[in-house]
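K.L.:
The following comprises the amino acid sequence and a computationally predicted model.
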Amino acid sequence: MFLARITGSVVSTQKVEELVGQKLLIVEPLRVNEKDQSDLQPTGRSFITVDTVGAGKGEVVLCVQGSSARFTPGTKTLPIDCAIVGIVDSVTLKEKQIYEGGDV
């Protein structure tokens with residue numbers, strides 16, 4: 001699992017039948033600030049994910065990859081490698097809150 005911020009969306013009119021009706025979002029993985037562990041920093045990478053929880057642009061989400069992406073009832077039959085499985089409310093590290101929902 002990894003944390004990521006939603007940075008955009010993907011629209012595809014031609015796709016396999018199993019993906020029809022699925023919301024595709026672009027996420028950028030986040031990591032803890034290496035200098036002082038005070039916040040979450042973008043990694044510069046991007047992934048396309050299937051949204052299973054109704055997330056939106058700018059939100060920090062919990063993502064899974066590989067076979068784990070197909071372990072939810074809604075993704076069992078989908079040809080995917082990455083899925084959003086949660087919207088993050090807060091992140092606490094060493095008793096210090098480094099992210100709270102709504103932070104940009």
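P.N.:
Sure thing, it's come through. Residues are numbered from 1 along each chain as shown.

K.L.:
where does this protein have low pLDDT?
P.N.:
Scanning the chain for pLDDT under 70 picks out the ranges 103-104.

K.L.:
Now do the helices in it.
P.N.:
Under the criterion DSSP state H, the chain contains no helices.

K.L.:
would you list every one of the strands in it?
P.N.:
For the chain, strands defined by DSSP state E occupy the ranges 2-10, 24-32, 40-42, 47-51, 60-65, 82-87, 90-93, 96-100.

K.L.:
Spit out the contact partners of Q22.
P.N.:
Q22 sits next to V50, D51, L78 when contact means Cβ atoms under 8 Å, 6 or more residues apart in numbering. Heads up, the C-betas are built off the backbone N, CA and C, glycines and all.

K.L.:
That one and V85, how far apart?
P.N.:
Counting by Cβ to Cβ, to the nearest Å, the gap from Q22 to V85 is 14 Å.

K.L.:
so which of the strands of the chain gets nearest T72?
P.N.:
Checking the strands of the chain against T72 by Cβ to Cβ gives strand 82-87 as the closest, at 6.5 Å.

K.L.:
Buried ones in the closest one, by neighbour count?
P.N.:
Across strand 82-87, burial judged by 16 or more other Cβ atoms under 10 Å covers C82, A83, I84, V85, I87.

K.L.:
Now do that strand and strand 60-65, the angle between them.
P.N.:
Angle, strand 82-87 to strand 60-65, by axes from the mean of the first three to the mean of the last three Cα atoms, to 10 degrees: 140 degrees.

K.L.:
so what does strand 82-87 touch, helix or strand wise?
P.N.:
The contact analysis (3 or more Cβ pairs under 8 Å, 6 or more residues apart in numbering; DSSP states H and E) places strand 82-87 against strand 24-32, strand 47-51, strand 60-65.

K.L.:
Go again with 6 Å.
P.N.:
Applying 3 or more Cβ pairs under 6 Å, 6 or more residues apart in numbering; DSSP states H and E, one finds that strand 82-87 makes contact with strand 47-51, strand 60-65.

K.L.:
a markdown table for those strands, including distance to L3?
P.N.:
Output for these, formatted as a markdown table (distance: least, Cβ to Cβ, whole Å):
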| stretch | distance to L3 |
| --- | --- |
| strand 47-51 | 12 |
| strand 60-65 | 6 |
